[in-house]
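1. below is the structure, and that's it, no one-letter string:
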């Protein structure tokens, strides 16, 4: 029995620039995206009988991405993902759903001699933002074959689940973190401490409460991204002088999710993954042999093995606390 099936195209790389006229040397916008499209529904025969008469070729999926990007502003990954998803559902009415994932390559305008360059950009490594939109016709509570033909291209009847996020975001604070009170038994070698460094490579994603395109497109996605990042930094680091003590990654992770939900009502759910990347105290015996005190000032950076801590927090769950 064929339980689940899909096909599409991944790692479709798209770059777009906009210039100001008549001064074509000034680039108003430059964006680069990595895009994946996955289609579901209507293609059972290609799997079961080798009949491809109702299959959108994966190469066609790639071409449609470029077609949509050419005509779209491409200012945010979210709006571009919504547009691509809608296009597929309107163009191929046999599809049940479309999933579009977009990663934004982090280019920022170059600063030269203290001024923003007219057409120069610098790439920030590692950290990236992403958007994932799942588009479905199931909003009317019926199967595709039971919906009137005129409704199959009506995007007001489509349901959208839109998730945005940040990945590979490296955060570190040099103090005001500890780990105490955990289970101690015959297998435990880790000492308790109320003074350690806390480092992580954060992945945070948030799900928007709205499910219709017209409502989602009213949102300022760039402003929400900036607000999420500020909230994470405020909660992780604390104020600029005293900071805030973290009794463990688990507590800090939950506080971040809670504050994001409190501050941004458009968000309905937050998921966080915060691996505990260890900086191990290098308290070597040679220091004490030479009368040198270890002052929590020299560490061994490591990247593996590391702890993995994950949680998803919803607005409904918070209301019950």
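-> Happy to help now that I have it. As the structure is a computational prediction, the values presented were derived from the model and not from experiment.
2. look up the closest residue to residue 92, ignoring the ones flanking it.
-> Once flanking residues are discounted, residue 92 sits nearest to residue 56: 5.8 Å by Cβ to Cβ, 6 or more residues apart in numbering. From N, CA and C alone the C-beta is placed, and that goes for glycine too.
3. ditto for residue 310
-> Leaving aside its sequence neighbours, residue 310 sits nearest to residue 273 (Cβ to Cβ, 6+ apart; 4.6 Å).
4. and that neighbour, what are its bridge partners?
-> Following DSSP bridges, residue 273 is listed with bridge partners residue 203, residue 310.
5. mind checking pLDDT for residue 24?
-> If you check residue 24, the pLDDT there is 66.
6. ok, residue 28 next?
-> pLDDT, residue 28: 87.
7. contacting residues around it?
-> Under the criterion of Cβ atoms under 8 Å, 6 or more residues apart in numbering, the neighbours of residue 28 are 18, 19, 20.
8. 6 Å - rerun?
-> Counting by Cβ atoms under 6 Å, 6 or more residues apart in numbering, residue 28 makes contact with 18, 20.
9. hang on, isn't residue 199 packed against residue 277?
-> Yes. Between residue 199 and residue 277 a contact is recorded at 4.4 Å, counting by Cβ atoms under 6 Å.
10. which one of these two is surrounded by more residues?
-> residue 199 (22 against 19; other Cβ atoms under 10 Å).
11. residues in contact with residue 109?
-> By Cβ under 6 Å, 6+ apart, the contact set of residue 109 is 116, 121.
12. make sure it is indeed in a strand.
-> Yes. Applying DSSP: H, G, I helix; E, B strand; the rest coil, one finds residue 109 inside a strand.
13. that one pairs with what?
-> According to DSSP bridges, beta-bridge pairing links residue 109 with residue 121.
14. hmm, back to that, give me the element the residue nearest to residue 92 is part of.
-> Using DSSP states H and E, residue 56 maps to neither a helix nor a strand.
15. same question for residue 172.
-> Per DSSP H and E: strand 159-173 holds residue 172.
16. so what does that strand touch, helix or strand wise?
-> strand 128-136, strand 198-208 (3 or more Cβ pairs under 6 Å, 6 or more residues apart in numbering; DSSP states H and E).
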